[in-house]
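Trainee: Show me the folded form of this:
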Amino acid sequence: MAAFFHTSFGILILTVLQALAIIVPVLLGMAYLTLAERKVLAAIQLRKGPNMVGPFGLFQPFADAIKMLMKETIIPSGANRVLFLLAPMLTFGLAVIAWAVIPVNDGWGIADINVGILYLFAISSLGVYGIIIAGWASNSKYAFFGALRSAAQMVSYEVSIGFVMVTVLICVGSLNLNDVVLAQRTVWFCVPLFPMFIIFFISGLAETNRSPFDLAEGESEIVAGFMVEYSAMTFALFFLGEYTNMILMSAMTTILFLGGWLPPFDIAPFNWIPGPLWFVAKIMFCLFVFIWVRGTFPRFRYDQLMRLGWKVFLPFSLIWLVLTAGVLVFMGWLPHVV
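Mentor: Numbering: from 1, shown residues only. I've put the predicted structure just below:
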């Protein structure tokens, strides 16, 4: 068996199995994230939430999936058919392939590359294309307005996310995500880089078009934004992409600031729990905060959104980056970045 996996075909089979081992749990997690969100929002609003389909409503995500599959995909008469159908597939595909470099334990990843952070930053930057294409191809003024809003919003907050990643990078000395986690054995980066941790998480809300930064879908003024003309599985793919991006952003927060699979204290009983369970638990905590924010904060105005990104987060993250580099150089702790 070992000899088989050293052949080219065996390596291909092994890679496919590794990909399935990551992607299948992510897709199941995404399905149940929709249920968890409805349950948490119901609890915030003193309601019960879904509780009819299966025990405690546990089969609700499957019922929703079957409903979407049975609906008719309606394409507007003035739409560009190819781009209209390509946009949701692009959005969902980018959300999935980003998981190729996410390590869930020491060495547990589909691709352990030395430029993992750059790969994630590149994939997240491409995500805006699916939304822009959807807004333009729909041939609807409301969809186009939503796409323009989303493009400006995502580009604005990607700048702050980039500075945050560079700050973590100079503290680690490596672009490898496995090395980023191992560098937090002594202390998680959320402690010394706490302001950058907060900026990264809030920018993650804006990057994934989540409340209170869901201006791209503003129901009160542009009906439903870039998704207004979509139905059935094309709508479902956008939905899947958004929730998969939420899980991805939570995983990035966990890796960059919360120690990845490392326990909070290297003592019993914390170190008895397997690393992947710690990783999943931290992702679930971040996702809970995503939902909690949606249930408690009102939507920003668009000028407030832009002002926060360009006049607050951008200068603050740049100043903190310079200060971090200065402290590391002064203390002689600046690692050599490979």
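
Trainee: Where does pLDDT dip in the protein?
Mentor: Within the chain, the segments meeting pLDDT under 70 span 1-6, 8, 218-223, 333-338.

Trainee: any idea which element the most centrally placed residue in it lies in?
Mentor: Centroid check for the chain by Cα atoms, centre = their mean gives residue 249 as the closest residue, at 2.7 Å. In the assignment (DSSP states H and E), residue 249 maps to helix 232-257.

Trainee: Next, the buried residues of that helix.
Mentor: The neighbour-count check on helix 232-257 (16 or more other Cβ atoms under 10 Å) flags 233-257 as buried. C-beta here means a position set from N, CA and C on the backbone, and glycine is covered the same way.

Trainee: Likewise for stretch 273-292?
Mentor: Those would be 275, 278-280, 282-283, 286-287, 290-291, for stretch 273-292 by 16+ other Cβ under 10 Å.

Trainee: could you dump that stretch to PDB, C-alpha only?
Mentor: Extracted as PDB, the C-alpha positions of stretch 273-292 are listed here (Å, rounded to 0.1, in the frame of the first residue of the first chain):
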ATOM      1  CA  ILE A 273      -7.900  17.300  23.600                       C
ATOM      2  CA  PRO A 274      -6.800  16.600  20.000                       C
ATOM      3  CA  GLY A 275      -5.600  19.500  17.900                       C
ATOM      4  CA  PRO A 276      -8.300  19.300  15.300                       C
ATOM      5  CA  LEU A 277     -11.000  19.600  18.000                       C
ATOM      6  CA  TRP A 278      -9.400  22.800  19.300                       C
ATOM      7  CA  PHE A 279      -9.300  24.100  15.700                       C
ATOM      8  CA  VAL A 280     -13.000  23.400  15.100                       C
ATOM      9  CA  ALA A 281     -14.000  24.800  18.500                       C
ATOM     10  CA  LYS A 282     -12.200  28.100  17.800                       C
ATOM     11  CA  ILE A 283     -13.800  28.300  14.400                       C
ATOM     12  CA  MET A 284     -17.200  27.700  16.000                       C
ATOM     13  CA  PHE A 285     -16.600  30.500  18.500                       C
ATOM     14  CA  CYS A 286     -15.700  33.000  15.700                       C
ATOM     15  CA  LEU A 287     -18.800  31.900  13.800                       C
ATOM     16  CA  PHE A 288     -20.900  32.500  16.900                       C
ATOM     17  CA  VAL A 289     -19.600  36.100  17.100                       C
ATOM     18  CA  PHE A 290     -20.400  36.500  13.300                       C
ATOM     19  CA  ILE A 291     -24.000  35.600  14.100                       C
ATOM     20  CA  TRP A 292     -24.100  37.500  17.400                       C
END
